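>>> Test case, fold it:
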Amino acid sequence: MANFLLPRGTSSFRRFTRESLAAIEKRMAEKQARGSTTLQESREGLPEEEAPRPQLDLQASKKLP
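As a prediction, the model looks like this:
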């Protein structure tokens, strides 16, 4: 479980430079080129979820079952 934690200290930070900005933009362009889908596109074709309904037996001042 501890494998996903970031290292402590300042070693986990990187300086924000023009080169790092270029690297970020390059990664973003690669992600778009791979054809990543948006949330709305990924939900198409899935059945729509029903809106939750209140349970009539659970009202204020009533004892819980």
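>>> Can you list the low-confidence ranges for this structure?
By pLDDT under 70, the low-scoring segments of the chain are 1-12, 36-47, 64-65.
>>> in it, which helix has the most residues?
Selection of the longest helix in the chain by residue count, based on DSSP state H, yields helix 18-33.
>>> and that helix, what does it pack onto?
Here helix 18-33 touches no other helix or strand, going by 3 or more C-beta pairs under 8 Å, 6 or more residues apart in numbering; DSSP states H and E. (C-beta placed from N, C-alpha, C; glycine too.)
>>> ok, Ala29 - how many residues close by?
The tally of other residues near Ala29 (other C-beta atoms under 10 Å) stands at 10.
>>> Could you measure from it over to Arg14?
19 Å (C-beta to C-beta, to the nearest Å).
>>> what does Glu50 give?
Glu50 sits 46 Å away from Arg14, going by C-beta to C-beta.
>>> what do you get for Lys31?
Using C-beta to C-beta, Lys31 is found at 19 Å from Arg14.
>>> where do the helices sit along the chain?
Applying DSSP H to the chain gives helices spanning 18-33, 39-43.
>>> Including distance to Gln55, could those helices go into JSON lines?
Listed next are the helices of the chain as JSON lines, based on distance: least, C-beta to C-beta, whole Å:
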{"stretch": "helix 18-33", "distance to Gln55": "43"}
{"stretch": "helix 39-43", "distance to Gln55": "27"}
